[in-house]
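Novice: turn this into a structure:
(2 chains)
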Amino acid sequence: DGGITQSPKYLFRKEGQNVTLSCEQNLNHDAMYWYRQDPGQGLRLIYYSQIVNDFQKGDIAEGYSVSREKKESFPLTVTSAQKNPTAFYLCASSIDWGRYNSPLHFGNGTRLTVT
Amino acid sequence: DAKTTQPNSMESNEEEPVHLPCNHSTISGTDYIHWYRQLPSQGPEYVIHGLTSNVNNRMASLAIAEDRKSSTLILHRATLRDAAVYYCILKYSGAGSYQLTFGKGTKLSVIP
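Specialist: Numbering: from 1, shown residues only, chains lettered A, B, ... in the order given. As a prediction, this is how the structure comes out:
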């Protein structure tokens, strides 16, 4: 079945360490996204990518970095510059950037805890 | 960005219909209304979307007010698996933009 795979499901890191969250999709979607969710809150957009080798900052990009070297992969690095990295991270994709009614497909998230 | 207002929480009895309201008084003519739901510890799942006319699919129905300032997601027979947070989102359909802004949504509890 096609879908989005995020790994690992739970991740623990010490403060000051960079950590990379994996996101892989086999839906052949052009656009991919990273969201962050804090307890009891909605989702906030970190980065998005319309197409391979291109990505743009979302609303809360500070302290994060991404790459999009392959269509199916969009890893997110949480750097030590991110002040409050503990959160639930969600990756999503959509068929393309331009179609206004194409839904987002989400992975099941990675819960990152930094101590 | 146009915003939506939803109740924080709602309850429903199992096997009864559920009407989840959403207000979006500042909606523009190019905004689509999207609904997603999120089960505990999972990513959100697309439910339905519409522009002006009411919409039905296998998961739910979407009723849109004539002035488009409000909409209602209708689950025809709630099951325990429908217990989730439901997000009502306005999706700008203009050129050069594809962003979904997720608010806090409505937490639906289903009582057996």
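
Novice: the residue sitting nearest the centre point of chain A and B:D31, how far apart?
Specialist: Ranked by distance to the mean C-alpha position of chain A (CA atoms, centre = their mean), the top residue is A:W34 at 2.7 Å. Per CB to CB, to the nearest Å, A:W34 is found 24 Å from B:D31. Bear in mind the C-beta positions are built from the backbone N, C-alpha and C, glycine included.

Novice: residues in contact with A:V114?
Specialist: Taking CB atoms under 8 Å, 6 or more residues apart in numbering or on different chains, we find A:V114 in contact with A:F12, A:R13, A:K14, A:E15, A:Q17, A:V19, A:V78, A:P85, A:T86.

Novice: quick check, pLDDT for it.
Specialist: Note on A:V114: pLDDT of 93.

Novice: what about the residue lying closest to it once chain neighbours are set aside, which helix or strand?
Specialist: Spatial nearest neighbour of A:V114, chain neighbours left out: A:P85 (4.6 Å); criterion: CB to CB, 6 or more residues apart in numbering or on different chains. Using DSSP states H and E, no element contains A:P85; it sits outside every helix and strand.

Novice: correct me, but A:P85 touches A:L112?
Specialist: Yes. The criterion here is CB atoms under 8 Å, and A:P85 meets it with A:L112 at 6.1 Å.

Novice: shared neighbours of the two, which are they?
Specialist: A:R13, A:V19, A:V78.

Novice: so which of those are also by chain B?
Specialist: Checking those against chain B by CB under 8 Å from any CB of the partner chain, not one of them is in range.

Novice: coming back round to it: buried members of the contacts of A:V114 into ChimeraX, please.
Specialist: ChimeraX command restricting the contacts of A:V114 to the buried ones, with burial defined by 16 or more other CB atoms under 10 Å in any protein chain shown:
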select /A:13,19,78,85,86
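
Novice: surely B:R58 is within a strand?
Specialist: No. Counting by DSSP: H, G, I helix; E, B strand; the rest coil, B:R58 falls outside a strand, being coil.

Novice: identify the bridge partners of A:T110.
Specialist: Using DSSP bridges, the bridge partners assigned to A:T110 are A:Y89.

Novice: and for residue 45, the neighbour number?
Specialist: Using chain A. Counted with other CB atoms under 10 Å in any protein chain shown, residues neighbouring A:L45 total 20.

Novice: switch to chain B, that's the one I care about
Specialist: B:E45 - counted by other CB under 10 Å - has 16 other residues nearby.

Novice: quick one, what contacts it?
Specialist: Here B:E45 is in contact with A:F106, B:Y36, B:R37, B:Q38, B:L39 (CB under 8 Å, 6+ apart).
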